[in-house]
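Visitor: Sequence below, structure please.
(chains A, B, C and D)
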Number of protein chains: 2
Amino acid sequence: MRQETIENYLKTIYNLSANNTMLVGNQKLSDKLGLRPATVTEGLRKLHDLKHVIYEKSYGTRLTASGAKLALSIVRRHRIWETYLTKELGFGWDEVHEIAEELEHIKNDKLINKLASILGNPIYDPHGDPIPDAKGKILKSNFIKLSETKVKNNYKVMGVTDHSSSFLKYLEKHRLIIGAFINIKTIEDFDNSIILSCQKKELSISAKAAECIIVEAV
Amino acid sequence: MRQETIENYLKTIYNLSANNTMLVGNQKLSDKLGLRPATVTEGLRKLHDLKHVIYEKSYGTRLTASGAKLALSIVRRHRIWETYLTKELGFGWDEVHEIAEELEHIKNDKLINKLASILGNPIYDPHGDPIPDAKGKILKSNFIKLSETKVKNNYKVMGVTDHSSSFLKYLEKHRLIIGAFINIKTIEDFDNSIILSCQKKELSISAKAAECIIVEAV
DNA sequence: AAATTGTTTTAGGTATACCAAAAATAATAA
DNA sequence: TTATTATTTTTGGTATACCTAAAACAATTT
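Guide: Numbers count the residues shown, from 1 in each chain, chains lettered A, B, ... in the order given. Next up, the predicted model:
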């Protein structure tokens, strides 16, 4: 298996397994990887033989220790590059994901550690995701999704789980950026959309968007 | 054909054709690409179909306009990254080639132009090679190889044509770095090795090494 | 010009990464 | 519990990028 293929699978499995706590199904993997289910089955079997995942058919997949280690190193590279691109090279948070998808495969620890050190060894990337350290240690937060919040409570925006340019531009337009304080006004029974106030303005967020915004109770 | 494959072929053809002035043979291509001749024949036929090269069998290969354009853009990326790695990220000139071989395939003009601008749009990379500008324009020098110099004359080291770590470390050990002034003492008839003085020390350079050092008459 | 040597091409083969369509399995609803 | 639906796997197939060994071709030497 090509290194880049391995890395894409492991990273995606890691991202879908919520810190390696849940089993990942083929359908979701197929979606995220942009591959047909048949291809994913094949790939997982190979990764199983390489001992990077534990895969039992029609059941689900989980990373092994070696798989998780590799996954974390890709996640680190990705997030360090995203941070470097925004902080040092002047890119917007909506532009960096695509480039980091390519840069994450460059394998040179000295390079990544140098970038990290220039950035002051950051713990969060521009989307609010925690950056694993050189040993693979990563902070786990008890943040919740905006979709899980309660009416009248106050929260602070901590991150996003969708990195697409369109979504991030939408957020920026409404000033719903990392660090913003919000107050939940109403949650519509009809479609679960959320009315909240942010920067003194009221805005309505769809249930779908609320799934992709990470907040912390304040 | 995969983009990375195309890029590696075109870059190599460019580098071997001395600014696209000479035809390139399969043998040399095979060497530089680390592929068997049979594979190269196959690759060239595909590049011909893609109109990136003009390839006639058992004759030689030359870049077309579109091929040269693409080649120049890879060369630009490679040399900008090498410069950025040495000047901004603290890597040695003997370490950067390998990393740049990977980085050169990241396709994002904004990124490369940003790096170039941070560096002050440099014209030479750490090995003395000229860097094409964003439009593909590249300086052509009338520098010569150390192996083409004449006894008693003075020269200045302008670049190298071998980027391997071992060669560059060897040069550095003898202070034969870019900008160094040298005087040719003798050229041995026996093996064409060159005795020269540099920084007040005399040293002997093999014919093979002299092929890889670029100088300018002073 | 013939022979030798070196280079390039052909022919046939492997491994990887994908796919579509059909079959099998699991999950859900009736 | 049996249908129905959704997910996963199997089967058979494609394209790319490589390879080896043998044949063809070109360049050089004798």
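Visitor: tell me the contacts of A:Cys198?
Guide: A:His174, A:Arg175, A:Leu176, A:Ala180, A:Phe181, A:Ile182, A:Asn183 (Cβ atoms under 8 Å, 6 or more residues apart in numbering or on different chains). Where C-beta positions appear, they are placed from N, C-alpha and C, glycine not excepted.
Visitor: Name the member of those residues with the most neighbours.
Guide: A:Ile182 (23 neighbours; other Cβ atoms under 10 Å in any protein chain shown).
Visitor: Tell me which helix or strand comes right after the helix ranked longest in chain A.
Guide: Longest helix in chain A by number of residues, with DSSP state H as the criterion: helix A:65-87. Using DSSP states H and E, the helix or strand that follows helix A:65-87 in sequence is helix A:96-103.
Visitor: That following helix close to DNA strand C?
Guide: No. With Cβ under 7 Å from any atom of the strand as the criterion, DNA strand C is not reached by helix A:96-103; the gap is at least 13.1 Å.
Visitor: And for stretch A:61-79?
Guide: No. With Cβ under 7 Å from any atom of the strand as the criterion, DNA strand C is not reached by stretch A:61-79; the gap is at least 13.6 Å.
Visitor: Report the buried residues of that stretch.
Guide: For stretch A:61-79, a neighbour-count test (16 or more other Cβ atoms under 10 Å in any protein chain shown) marks A:61-64, A:67-68, A:70-79 as buried.
Visitor: From DNA strand C, how far off is A:Cys212?
Guide: 23 Å (Cβ to the nearest atom of the strand, to the nearest Å).
Visitor: Can you tell me how far the closest residue to that residue other than its chain neighbours is from B:Leu10?
Guide: Leaving out its chain neighbours, the residue that sits closest to A:Cys212 by Cβ to Cβ, 6 or more residues apart in numbering or on different chains is A:Asp162, at 4.1 Å. Separation of A:Asp162 from B:Leu10 (Cβ to Cβ, to the nearest Å) stands at 37 Å.
Visitor: same question, A:Asn153
Guide: Using Cβ to Cβ, A:Asn153 is found at 58 Å from B:Leu10.
Visitor: between these two, who's got more neighbours?
Guide: B:Leu10 (26 against 12).
Visitor: What is the burial count for A:Ile205?
Guide: 24.
Visitor: Dig out what it forms beta bridges with.
Guide: With DSSP bridges applied, A:Ile205 shows beta-bridge pairing to A:Ile194.
Visitor: That one reaches A:Asp191, doesn't it?
Guide: No. Using Cβ atoms under 8 Å, A:Ile205 is not in contact with A:Asp191, being 11.0 Å away.
Visitor: quick one: contacts for A:Lys169?
Guide: Taking Cβ under 8 Å, 6+ apart, one finds A:Asp94 in contact with A:Lys169.
Visitor: pLDDT wise, what is it at?
Guide: Here the pLDDT value assigned to A:Lys169 is 92.
Visitor: So which bits of chain A are right by DNA strand C?
Guide: A:1-2, A:5-6, A:34-36, A:38-39, A:42-43, A:46, A:58.
Visitor: Looking at those, spot the one nearest B:Lys201.
Guide: Taking Cβ to Cβ as the measure, A:Arg2 is the one of those closest to B:Lys201, at 48.2 Å.
Visitor: tally of neighbours for that closest one?
Guide: As a measure of burial, A:Arg2 has 7 neighbours, counting by other Cβ under 10 Å.
Visitor: Can you tell me which residue is spatially central in chain A?
Guide: Central residue of chain A (Cα atoms, centre = their mean): A:Thr161, 4.9 Å from the mean position.
Visitor: Which residue, neighbours along the chain excluded, lies closest to that one?
Guide: In space, A:Thr161 is closest to A:Cys212, 4.9 Å off (Cβ to Cβ, 6+ apart).
Visitor: how near is the one you found to A:Lys150?
Guide: 19 Å.
Visitor: Per the annotation, how does chain A divide into domains?
Guide: A:3-63, A:75-140, A:144-217 (automatic domain parsing).
Visitor: Now for A:Leu44: which residues touch it?
Guide: A:Tyr9, A:Asn26, A:Leu29, A:Val53, A:Tyr55, A:Thr61.
Visitor: Narrow those residues to those in helices?
Guide: Per DSSP H, those map to helices at A:Tyr9, A:Asn26, A:Leu29.
Visitor: Cross-check those residues against DNA strand D and keep the overlap.
Guide: A:Asn26.
Visitor: re the thing from before, got the domains of chain A as TSV, with distance to B:Thr21 columns?
Guide: Output for the domains of chain A, formatted as TSV (distance: least, Cβ to Cβ, whole Å):
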stretch	distance to B:Thr21
domain A:3-63	36
domain A:75-140	33
domain A:144-217	43
